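Engineer: Here's my sequence, what's the structure:
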Amino acid sequence: MFLFVASNLSAQEDTLRNFHIGFTYPVSSNGVKAGEYTNKFSLHALAGVSKNDAGTALAGLASIARENVDGAQISGFLNVAGKKTNGAQVAGFLNLSQELKGVQVGGFGNIAAYSPEAVQIAGFFNKAEEVNSQIGGFINIARKVKGVQVSGFINIAEESDYPIGVVNIVKNGVKSLGVTMDENQTALLSFRSGGRILYGILGAGYHFGNKEKDVIAVEAGLGTRLPIANQFVVRTELANIYYIETDKWRGFHKGVLRIMPSFSLGKRVEIFAGPTLNVDYYESDSERNYFDKKHLFKSYGDDEWVSMRVGYVAGVQFVF
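Structural biologist: Okay, here's the model as predicted:
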């Protein structure tokens, strides 16, 4: 059957093929000239090569189109489109395309140059010149992002108003380094970075409320910036603060929602203060002495103690 299909296709003079079936290049129905054909459907046990894919291309390891993909490229390891992709690239490891209009889904990463209407989704990293949205497990890199950038840790862009990550390095965005103090005497030095609207928070500090033990604190979170006037914005932040006792290296944490009116003193200095809503998590009731005992809600469990309470925070930051 394989030889019949191969001989039948080779008898055609047109470079458009309905089927391209093989093991790996050049062991296929298009043979050594596979890179000169456009295929409506391709199926390869290991790797396939074509000039264009005008439908669906499936490969166990790699699918390579020298020019364009108009449809879907699906492989276990690698997809490559030399010029344009209009559709989807789905690979267990990496997708590559010069121009993308559609979606890339990569187990490890995606790379596309011009893709202003595209979405990239990857387990580790995404990279593009212009892109609609990026969702990466660790890092996203782009020049211009129209939609959102979502990463497990860091986003890098020249223009991105909606980055969602712990660290966001946006050339046309906002970065600041600030100091805060809350009602429980936890002081934090925090780096805030992001676009004009969304930003990430990463901080570390010390809890002064415990006179018997040294307790350090680390913070990670997300925030939004709502401009009200030239010198006045309202910041809303959702963060998690983890407390660690240095003698036993055990910890407990709290989730905090902050609403902070913020005033600019010139171009570089900003002061802010506001109320907070805190949810505290402990392993035992005795640890609750770290925080205010005036609870709105508290619950005991077999392995944890949870409370909700109102607090406040105030701080100052340097914008650069």
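
Engineer: what secondary structure does Lys33 sit in?
Structural biologist: Under the three-state scheme (DSSP: H, G, I helix; E, B strand; the rest coil), Lys33 adopts helix.

Engineer: which residue ranges form the strands in the stretch 201-320 of the chain?
Structural biologist: Assigned by DSSP state E, counting those that start in this stretch, the stretch 201-320 of the chain shows strands spanning 215-229, 232-245, 250-265, 269-282, 297-300, 305-319.

Engineer: for the ones you listed, which one sits closest to Thr186?
Structural biologist: Among these, the nearest to Thr186 by Cβ to Cβ is strand 215-229 (5.4 Å). To be clear about C-beta, it is placed using only N, CA and C from the backbone, and glycine gets the same treatment.

Engineer: returning to what we had before: could the strands of the stretch 201-320 of the chain go into CSV alongside mean pLDDT and mean neighbour count?
Structural biologist: Below are those laid out as CSV (pLDDT from 0 to 100; neighbours: other Cβ atoms under 10 Å):
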stretch, mean pLDDT, mean neighbour count
strand 215-229, 94, 16
strand 232-245, 95, 17
strand 250-265, 92, 17
strand 269-282, 94, 18
strand 297-300, 78, 11
strand 305-319, 92, 17
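
Engineer: Summarise which helices and strands the strand or helix carrying Ser133 is packed against.
Structural biologist: Element membership for Ser133, per DSSP states H and E: strand 125-136. Helices and strands touching strand 125-136, as assessed by 3 or more Cβ pairs under 8 Å, 6 or more residues apart in numbering; DSSP states H and E, comprise strand 94-106, strand 109-122, strand 139-145, strand 148-151.

Engineer: State the distance from Gly205 to Ala91.
Structural biologist: 42 Å (Cβ to Cβ, to the nearest Å).

Engineer: So those two - more neighbours on which side?
Structural biologist: Neighbours per residue (other Cβ atoms under 10 Å) separate Gly205 from Ala91, with Ala91 holding more: 27 against 20.

Engineer: That one reaches Ala72, doesn't it?
Structural biologist: No - counting by Cβ atoms under 8 Å, Ala91 does not reach Ala72; the two are 11.2 Å apart.

Engineer: relative to strand 139-145, how tilted is the strand holding Ser133?
Structural biologist: Relative orientation of strand 125-136 versus strand 139-145 (axes from the mean of the first three to the mean of the last three Cα atoms, to 10 degrees): 80 degrees.

Engineer: List the strands paired with strand 125-136, with their directions.
Structural biologist: Strand pairing for strand 125-136, determined by DSSP bridges: strand 109-122 (parallel), strand 139-145 (parallel), strand 148-151 (parallel).

Engineer: Distance from it to the middle of the chain?
Structural biologist: Remark: strand 125-136 is offset 9 Å from the chain centroid, using Cα atoms, centre = their mean, to the nearest Å.

Engineer: Alpha carbons of it, as CSV, please.
Structural biologist: These are the backbone C-alpha positions of strand 125-136, laid out as CSV (Å, rounded to 0.1, in the frame of the first residue of the first chain):
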residue,chain,number,x,y,z
PHE,A,125,8.9,30.3,28.2
ASN,A,126,7.4,32.3,25.4
LYS,A,127,9.2,34.8,23.1
ALA,A,128,7.8,37.1,20.4
GLU,A,129,8.2,40.5,18.9
GLU,A,130,4.5,41.5,18.9
VAL,A,131,1.9,39.3,20.4
ASN,A,132,-1.6,39.4,21.7
SER,A,133,-1.2,37.3,24.9
GLN,A,134,1.5,35.1,26.5
ILE,A,135,1.0,32.4,29.2
GLY,A,136,4.3,30.9,30.4
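
Engineer: Contacts for it, please.
Structural biologist: Contacts with strand 125-136, where a contact means Cβ atoms under 8 Å, 6 or more residues apart in numbering, come from 100, 104, 106, 108-124, 137-152, 155.

Engineer: For those residues, I'd like a selection string for ChimeraX - just the buried members, please.
Structural biologist: ChimeraX command restricting those to the buried ones, with burial defined by 16 or more other Cβ atoms under 10 Å:
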select :100,104,106,108,109,110,111,112,114,115,118,119,120,121,122,123,124,137,139,140,141,142,143,145,146,148,149,150,151,155
